[in-house]
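what's the 3D shape of this:
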Amino acid sequence: MKPRVLQLFASGINCDRELRYAFELAGAEVTEIHIRELTKSPQLIRECDVFAIPGGFTYGDDLGAGRVLGLEVEKFLSEELHALHDRGGSIFGVCNGFQVLVKAGLLPQVDGVDVSLTWNTSHRFESRWSRMIVEESISHILPAGSIFPAPSAHAEGQIVLGRGQTDVAALESANAIALRYCDRDGNITSQWPDCPSGSIGAIAGLVSSSGRIIGLMPHPERNLSVLHTPDRGNGAWGNGSEGLSFFKGLLAPYLAHSKV
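Predicted coordinates for the structure are as follows:
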């Protein structure tokens, strides 16, 4: 039996096919469901191992990126999602899906830390490949300290924290930072263009203390082959295997269970 992924769909989501393909390539069985259908039957979450929210511009991001869908997730799905997590399941959000997880209060789950996402410091939509350093907090998915390249495509990707660097330190202490933007040599940086958003602490993704609620802004589902890389695998942007390795790492506990 393959790991089961339940993938959310809503108005404005436009990265669903890419994310589904990535999960299927990594060995999962994916079921897609519209938010309207799921709010009527939230118990369907009990049938999955991983709940995933793709990228896009849900509801046009008219009230802020991911805000409306985040409110719906919090109001109608929160109980079942927490139950999924408590029984060992995972929750994953990429780009707009990450914004939804933050707005729904599912990340970062660190007391006293007020986090949100707002417009990039460049004040424009950024579409470019980015490099990220993998933090120890997600070493169960990818090797800690490795460089993880993936395309960024967002306007509101800048992570902001209520207490600034004090909250960065709190996130570090709680091992809640999953990924940080870096330059070609692996040096962490919040400077454009290596950090397309200008996020404080160069933060590109967050993770829960369990390691099973994960969100990031760049798109790993767009780096599944050497043909996806900007230089066709000549070395500057990895070898095209990093994205698939990420999804295999995310599914690993459930792949092992499915073989029992």
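
what packs against the helix or strand containing residue 36?
Using DSSP states H and E, residue 36 sits within helix 35-40. Contacts defined by 3 or more CB pairs under 8 Å, 6 or more residues apart in numbering; DSSP states H and E place helix 35-40 against strand 4-9, helix 67-72. Glycine gets a C-beta too; all of them are placed from N, C-alpha and C.

mind checking which of the ones you listed is nearest residue 237?
Across these, residue 237 has its closest neighbour in strand 4-9 (26.6 Å, CB to CB).

before we move on, back to that, for the helices and strands packed on helix 35-40, give me a markdown table that also has mean pLDDT.
Below are these laid out as a markdown table (pLDDT from 0 to 100):
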| stretch | mean pLDDT |
| --- | --- |
| strand 4-9 | 98 |
| helix 67-72 | 97 |
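
would you list the ones you listed in a markdown table and tack on mean neighbour count?
Formatted as a markdown table, the helices and strands packed on helix 35-40 follow (neighbours: other CB atoms under 10 Å):
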| stretch | mean neighbour count |
| --- | --- |
| strand 4-9 | 22 |
| helix 67-72 | 21 |
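
Any chance of TSV for those, columns distance to residue 93?
Shown next, in TSV, are the helices and strands packed on helix 35-40 (distance: least, CB to CB, whole Å):
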stretch	distance to residue 93
strand 4-9	9
helix 67-72	10
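
Of all the ones you listed, which one comes closest to residue 176?
Judged by CB to CB, the one of the helices and strands packed on helix 35-40 that comes nearest to residue 176 is helix 67-72, at 18.2 Å.

for the next helix-or-strand element following that closest one, packing partners?
Following helix 67-72 in sequence order, the next helix or strand is helix 78-86 (DSSP H and E). Helices and strands touching helix 78-86, as assessed by 3+ CB pairs under 8 Å, 6+ apart, comprise strand 90-94.

Centre of the chain to the strand it packs on, how far?
Here strand 90-94 is found 6 Å from its chain centre; the criterion is CA atoms, centre = their mean, to the nearest Å.

Could you pull out the buried residues of it?
90-94 (16 or more other CB atoms under 10 Å).

and the host helix or strand of residue 129, how far from the chain's centre?
Per DSSP H and E: residue 129 is located in strand 126-134. How far strand 126-134 lies from its chain's middle: 13 Å, per CA atoms, centre = their mean.
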